[in-house]
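[1] When you get a sec, could you give me coordinates for this:
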Amino acid sequence: MPEKLTDVIAELVLANRILDHEGVMDAFGHVSVRHPSDPGRYLLSRARSPAAIEAGDILEYTLDSAPVKPPKVHLYSERVIHGEIYKARSDVMAVCHHHAAAVMPFCIAGKPIMPVFHVGAAMGADAPFWDQHDEFGDTNLLVVKPEEGASLARALGRHSAVLMNRHGATVVGGSVKELVSRAIFMCQNAEYQLRALALGAATPLHPGETRLAGSISLMPGVISRTWEYWSMRLAAAGGMPPRHSAKKAAPGKRKARRR
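    Numbering: from 1, shown residues only. I've put the predicted structure just below:
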């Protein structure tokens, strides 16, 4: 993870936009990162569509999902997903909640996603299910109460992802880039699994294959390569965030015009 807070924020902004461009998130969904110098806090955007997020949208929260500074903007109602997972998993440095079209058939049917090709192993051997109705009865399916977020975190356990019945998925990672890789590869895996099922069968990787292939998919060199690729795709589509490094002219002074 980058050491400077500004670098972490820039990476988080880019992660939002990449995950949107690669079809993991759309108008909805959110991704966060644990604060680089305070593990008792995390960073998450204000309530905004991922493709539009900029550095100025990123806010700081306690693990109780309370904003550190009084907000003047709308916040994601499901931010407790992030806070409760960070509380439960000290190894987790980034969290993404999404409703990708690739995973929704499995969430609706209650059928497991299993690693069926080599980079799909980045999701781990399996992803458990969490049904909000089991513990909380009829709800609007949004995870907005701390006890709901804590229940989801328990279902996640030590896994890398959890499927939410009739809702979506939540994925975790040891870094923002690892999280992005895992979320995208898991969606690709779900697509291939569904296509294979249309042909009659889909068989998972052997346990040893999942372990070995999964470790390769998350090697730093592989993660850097995929991050570069997805960033270039985003740039080619014109979706890169605006730069914030340019210094503004001092009050009362104007830059000389070029003639």
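[2] which stretches of the stretch 1-150 of the chain have low pLDDT?
    Applying pLDDT under 70 to the stretch 1-150 of the chain picks out residues 1-3.
[3] Now for the residue nearest to residue 111 when sequence neighbours are not counted: which residues touch it?
    The shortest distance from residue 111 to any non-neighbouring residue, by C-beta to C-beta, 6 or more residues apart in numbering, is to residue 105 (7.7 Å). To be clear about C-beta, it is placed using only N, CA and C from the backbone, and glycine gets the same treatment. For residue 105, the contact set (C-beta atoms under 8 Å, 6 or more residues apart in numbering) comprises 111, 190, 194.
[4] change it to 10 Å
    By C-beta atoms under 10 Å, 6 or more residues apart in numbering, the residues touching residue 105 are 111, 113, 190, 191, 193, 194, 197.
[5] contacting residues for the residue lying closest to residue 16 once chain neighbours are set aside?
    Of all residues not flanking residue 16 in the chain, residue 50 sits nearest, at 4.0 Å (C-beta to C-beta, 6+ apart). Residue 50 sits next to 13, 15-21, 24-31, 96, 98 when contact means C-beta under 10 Å, 6+ apart.
[6] Quick one, which of those are buried?
    Among the contacts of residue 50, those buried by neighbour count (16 or more other C-beta atoms under 10 Å) are 13, 15-21, 24-25, 29-31, 96, 98.
[7] Among these, name the ones in strands.
    Judged by DSSP state E, the buried ones among the contacts of residue 50 include 30, 31, 96, 98 as members of strands.
[8] between the residues you listed, which is closest to residue 183?
    Distance to residue 183 across these (C-beta to C-beta) is lowest for residue 96, with 5.2 Å.
[9] what sits against the residue nearest to the closest one when sequence neighbours are not counted?
    Distances taken as C-beta to C-beta, 6+ apart place residue 31 nearest to residue 96, at 4.3 Å, with adjacent residues excluded. By C-beta under 10 Å, 6+ apart, the contact list for residue 31 reads 12-13, 15-16, 18-20, 24-25, 43-45, 50, 53, 82, 94-98, 171, 173, 176, 179-180, 183.
[10] Okay, helices next: where are they in the stretch 51-200 of the chain?
    Under the criterion DSSP state H, counting those that start in this stretch, the stretch 51-200 of the chain contains helices at 80-88, 104-109, 132-136, 146-156, 176-199.
[11] contacting residues around the next helix or strand after the last one?
    Using DSSP states H and E, the next helix or strand after helix 176-199 towards the C-terminus is helix 207-217. Contacts of helix 207-217 from elsewhere in the structure, counted by C-beta under 10 Å, 6+ apart, are 114-115, 117-126, 160, 178, 181-182, 185, 204-206, 222-223, 226.
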